[in-house]
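>>> coords below, sequence missing:
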């Protein structure tokens, strides 16, 4: 017999299977030995009414062996080494999951990635953190696994309309992720775990006959009579196929420039820009869990905030409990910050982007470059942030209360940002429309989370890579570019996704359109 039930438990009882097994037995009037298997379906923390509970939803097997399909293992993929090939530009989640979907349907993926494979990429990231040396093709944004590999690995998404999120999570588990991501309300892998998982996914692809070409930045498209025939890279290599999935990520500005030069259709896409705020994690825990002190059976507390201010949305983005702030610039003379957490989320800091929606009408000064107006705005703000610092990737920073009072901070709170921070007038460096809305939003957020607005919080600039400011136009039905047959703009960089899972879903969708047509 199989039964499904929901439990509301204390954090202590929910932290140990022996405790919740007994609670289940009591609720079902069973002996614990009658319960042969417990499959958790959902786990979430509920701290809304002051008393903190953990809600569990579970499938209970009573005197019954669970079926084999509950055991998660890697799929048996066919050998596609001699099958028709599809070019995938970019080895982020959109590209990797597109490759797996192609293999399942007997197509050979050829993945062309501008950055390095993940272990070599780690060395470049170490140089960026320690010595502030930026490799424009291998950094927090570019390289195997994409931006999510070294910036947290959060897997929460609302994009379930066009894809099976559970299948994507199971693929991660089959390649080394914790099974907890299958049932946690806000699943998270962690930047310490993702490199090995990404390496395992690459091995699955190559074992099946797929190819990877690293250090291969795309510089040209072979297009004749509105049909793509392949791509070429900066090393002079050509990759031939009549189907190309373009999954380059939100920071591949050279691709947007190349499209603009070749008169390939693009359009402005609304995005968001602001700062990254960093609080002591203990403060966030005390606010969210309604008490100070340790919470040994609870995760580092998170938050999600949104407010309408002067006609624009101001909201928290990529909140990293127990995390650190990292340098996410992709070139010299720009400062960009992002956040990440390792799997245990045990840093003493909590950080999140607090950003303001930017719409096309906000950027009238860039009208001469209409499709790239948002990109130009991003670039200008990032260069201004760079101009406001001592050198390199040191980030301009300000205490939250000083920012709203428009005065330079005499000192800064301790920070997790490894390159370092310097006191700077963010209220002058950032666009005034952004500054005014942020200042109002911080006080409004404090009404929802009393203690959020505090001098203990540092603001670091600039959080500008929240999403692509450009959309590469594609047909809604075929997912091909509206102008070029066989070209499939995909994922965050094309403006059709916003995170690891939604990008993976979009990659799979593009792959399935190709395999359905079999028009190679």
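Yep, that arrived. Everything numeric here is computed off the predicted structure, so don't read it as measured data.
>>> please tell me how far the nearest residue to residue 175 once chain neighbours are set aside sits from residue 145.
Using C-beta to C-beta, 6 or more residues apart in numbering and skipping the chain neighbours, the partner closest in space to residue 175 is residue 200 (4.0 Å). (Glycine included, C-beta is placed from N, CA and C.) As judged by C-beta to C-beta, to the nearest Å, residue 200 and residue 145 stand 11 Å apart.
>>> neighbour count winner among these two?
Between residue 200 and residue 145, residue 145 has the larger neighbour count (other C-beta atoms under 10 Å), namely 27 against 15.
>>> regarding the closest residue to the more buried one other than its chain neighbours, what is its secondary structure?
Closest residue in space to residue 145, ignoring its immediate chain neighbours: residue 198 at 3.9 Å, by C-beta to C-beta, 6+ apart. Look at residue 198: counting by DSSP: H, G, I helix; E, B strand; the rest coil, its state is helix.
>>> where do the helices sit along the stretch 351-500 of the chain?
For the stretch 351-500 of the chain, helices defined by DSSP state H, counting those that start in this stretch occupy the ranges 373-387, 400-405, 426-429, 432-448, 491-494, 500-517.
>>> between those, which one is nearest to residue 6?
helix 500-517 (24.4 Å; C-beta to C-beta).
>>> can you list the buried residues in the closest one?
Neighbour-count burial for helix 500-517 flags 500-515 (criterion: 16 or more other C-beta atoms under 10 Å).
>>> try stretch 455-474
So, applying 16+ other C-beta under 10 Å, buried residues of stretch 455-474: 457-474.
>>> among these, which lie within strands?
Those of those mapping onto strands are 458, 459, 460, 461, 462, 463, 470, 471, 472, per DSSP state E.
>>> give me the distance between the last one and residue 260.
I take that to be residue 472. Per C-beta to C-beta, residue 472 is found 11 Å from residue 260.
>>> identify the contacts common to those two.
Common neighbours of residue 472 and residue 260 (criterion: C-beta atoms under 8 Å, 6 or more residues apart in numbering): residue 266.
>>> identify the residues contacting residue 449.
For residue 449, the contact set (C-beta under 8 Å, 6+ apart) comprises 287, 288, 303, 305.
>>> list of residues touching the longest strand seen in the chain?
Criterion DSSP E: the longest strand present in the chain is strand 35-46. Under the criterion C-beta under 8 Å, 6+ apart, residues 4, 8, 11, 14, 17, 20-21, 24-25, 52-66, 70, 180, 182-186, 298-299 lie in contact with strand 35-46.
>>> mind giving me the ChimeraX select for the residues you listed, buried ones only?
The buried residues among the contacts of strand 35-46 can be selected in ChimeraX (16+ other C-beta under 10 Å) with this line:
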select :11,14,20,24,25,52,53,54,56,58,60,61,182,183,184,186,298,299
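>>> now, which of the contacts of strand 35-46 lie within helices?
Secondary structure assignment (DSSP state H) places 11, 14, 17, 20, 21, 24, 25 from the contacts of strand 35-46 within helices.
>>> of those residues, closest to residue 172?
Nearest to residue 172 among the ones in helices among the contacts of strand 35-46: residue 17, at 22.2 Å, using C-beta to C-beta.
>>> how about the closest one: what's its closest non-neighbour residue?
Among residues not flanking residue 17 along the chain, residue 38 sits closest, at 6.9 Å (C-beta to C-beta, 6+ apart).
>>> got it, and residue 455?
residue 401 (4.5 Å).
>>> tell me, how many residues neighbour the one you found?
Per other C-beta under 10 Å, the neighbour tally for residue 401 reads 15.
>>> now residue 351
Residues lying near residue 351 (other C-beta under 10 Å) number 33.
>>> next up, the contacts around the residue nearest to residue 8 when sequence neighbours are not counted.
Spatially, and ignoring its direct neighbours in sequence, residue 8 is nearest to residue 53 (5.0 Å; C-beta to C-beta, 6+ apart). Going by C-beta under 8 Å, 6+ apart, residue 53 touches 8, 9, 10, 11, 45, 46, 47.
>>> what pLDDT does residue 53 get?
As predicted, residue 53 sits at a pLDDT of 94.
>>> hey, what's it bridged with?
Residue 53 has these beta-bridge partners by DSSP bridges: residue 46.
>>> that one and residue 34: what is the separation?
Distance from residue 53 to residue 34, counting by C-beta to C-beta: 26 Å.
>>> mind listing the helices for the stretch 151-300 of the chain?
Here the stretch 151-300 of the chain has its helices, by DSSP H, counting those that start in this stretch, at 165-174, 194-207, 253-261, 281-288.
>>> pick the most buried one from those helices.
Of the helices of the stretch 151-300 of the chain, the one with the most neighbours on average (mean count of other C-beta atoms under 10 Å) is helix 281-288, at a mean of 20.
>>> packing partners of that helix?
strand 349-358 (3 or more C-beta pairs under 8 Å, 6 or more residues apart in numbering; DSSP states H and E).
>>> now the strand it packs on: mean pLDDT?
The predicted model gives strand 349-358 an average pLDDT of 97.
>>> so which other helices or strands are in contact with it?
strand 271-280, helix 281-288, strand 312-320, strand 323-327, strand 337-341, helix 432-448, strand 458-463.
>>> what's the closest of these to residue 366?
The nearest among those, by C-beta to C-beta, is strand 271-280 at 13.3 Å.
>>> now for that closest one, which elements pack on it?
Using 3+ C-beta pairs under 8 Å, 6+ apart, strand 271-280 is in contact with strand 312-320, strand 337-341, strand 349-358, helix 373-387, helix 432-448, strand 458-463.
>>> hmm, back to that, check the contacts of residue 53 and tell me the two furthest apart.
Using C-beta to C-beta, the contacts of residue 53 span at most 13.6 Å, a distance reached by 9 and 47.
>>> just the pLDDT for the residue nearest to residue 408 when sequence neighbours are not counted.
The shortest distance from residue 408 to any non-neighbouring residue, by C-beta to C-beta, 6+ apart, is to residue 425 (5.3 Å). pLDDT, residue 425: 97.
>>> who are the neighbours in contact with residue 425?
By C-beta under 8 Å, 6+ apart, the neighbours of residue 425 are 388, 398, 406, 408.
>>> kindly provide the distance from it to residue 400.
From residue 425 to residue 400 the distance is 14 Å (C-beta to C-beta).
>>> same check on residue 260?
Plainly put, residue 260 is 38 Å away from residue 400 if you go by C-beta to C-beta.
>>> please state the offset of stretch 481-501 from the chain centre?
With C-alpha atoms, centre = their mean, to the nearest Å as the basis, stretch 481-501 stands 16 Å off its chain's centre.
>>> burial measure for the residue nearest to residue 317 when sequence neighbours are not counted, as a count.
The shortest distance from residue 317 to any non-neighbouring residue, by C-beta to C-beta, 6+ apart, is to residue 353 (3.7 Å). For residue 353, the number of neighbouring residues by other C-beta under 10 Å comes to 26.
>>> my guess is residue 353 contacts residue 314. True?
No. At 10.9 Å, residue 353 and residue 314 do not qualify as touching, with contact defined as C-beta atoms under 8 Å.
>>> now list whatever residues contact both of those two.
Taking C-beta under 8 Å, 6+ apart as the criterion, residue 353 and residue 314 both touch residue 274.
>>> please give me every residue in contact with residue 219.
Here residue 219 is in contact with 232, 233, 234, 254, 258 (criterion: C-beta under 8 Å, 6+ apart).
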